[in-house]
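Peer 1: sequence plus the predicted model coming up.
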Amino acid sequence: MPASAVIRNPAAGAAIVIAIVGAAAILGAFFFQYGLGLEPCPLCLEQRIAYYFAIPLALIVAFADSRAAPRALVAAALVLIALAMLLNAGLGVYHAGVEWKFWPGPTDCAGPVTSLGRASDLMRQLRNVTIVRCDEAAWRFLGLSLAGYNVLISLALAAIAIWGMLGTRRSPNA
């Protein structure tokens, strides 16, 4: 989409950028998981949910906006994307804080293993237990973990969604 088209139609432009950047973020997470073998912890997996919501919704917004959907509907969808990404940024801050030991993490990924079943099967079960800890960053670059980068990406996508939503007011189809 040319820059002039984005300026004339910020909702569609914002939606396309959200879909592309969101897809790149998820593909990056998959690369770290499957390409580099860094297993995600439960908090990492929860942070992906906002992208699974925002990417298809952004594509729907772009399509609906190209079909002259009601401005209020397009704006509402962009607000939902912004809220999802802001909540995701909050989850990323929480996760980064757990990694930096500012506060305790959830017990399912930072606490002790409590239920291993029968004592006769204990050794077999211990060999099969894999706990990916939320309180240990698997990777850092420039001091930020993947949770920290998720915060930055989520905030950027929320800002883009808000920009697109505000642009629906100035759109010629309003």
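Peer 2: Everything's here; your move.

Peer 1: neighbours of residue 83, how many?
Peer 2: Residue 83: 15 surrounding residues under other CB atoms under 10 Å. Any C-beta I mention is one placed from the backbone N, CA and C, and that applies to glycine too.

Peer 1: residue 165 and residue 72, how far apart?
Peer 2: 10 Å (CB to CB, to the nearest Å).

Peer 1: who has more neighbours out of those two?
Peer 2: More neighbours surround residue 165 than the other of residue 165 and residue 72, with 23 against 10 (other CB under 10 Å).

Peer 1: quick one: the nearest residue to the more buried one once chain neighbours are set aside from residue 136, how far?
Peer 2: Closest residue in space to residue 165, ignoring its immediate chain neighbours: residue 78 at 3.9 Å, by CB to CB, 6 or more residues apart in numbering. Distance of residue 78 to residue 136, given as CB to CB: 36 Å.

Peer 1: could you check which of the two is surrounded by more residues?
Peer 2: Taking neighbours as other CB under 10 Å, residue 78 and residue 136 compare with residue 78 leading, 29 against 14.

Peer 1: surely the more buried one is in a helix?
Peer 2: Yes. Under DSSP: H, G, I helix; E, B strand; the rest coil, residue 78 sits within a helix.

Peer 1: show the pLDDT at it.
Peer 2: Per-residue pLDDT puts residue 78 at 96.

Peer 1: right, and it touches residue 162 too?
Peer 2: Yes. Between residue 78 and residue 162 there is a contact under CB atoms under 8 Å: 7.4 Å.

Peer 1: for the residue lying closest to residue 10 once chain neighbours are set aside, grab the count of nearby residues.
Peer 2: Of all residues beyond its chain neighbours, the one nearest residue 10 is residue 167 (2.7 Å), with distances taken as CB to CB, 6+ apart. Using other CB under 10 Å, residue 167 has 23 neighbouring residues.

Peer 1: over to residue 166?
Peer 2: So residue 166, with other CB under 10 Å, has 14 neighbours.

Peer 1: can you list the helices and strands that the helix or strand containing residue 154 packs against?
Peer 2: For residue 154, the host element (DSSP states H and E) is helix 146-170. Contacts defined by 3 or more CB pairs under 8 Å, 6 or more residues apart in numbering; DSSP states H and E place helix 146-170 against helix 10-30, helix 42-66, helix 71-99.

Peer 1: what mean pLDDT does it have?
Peer 2: Mean per-residue pLDDT for helix 146-170: 90.
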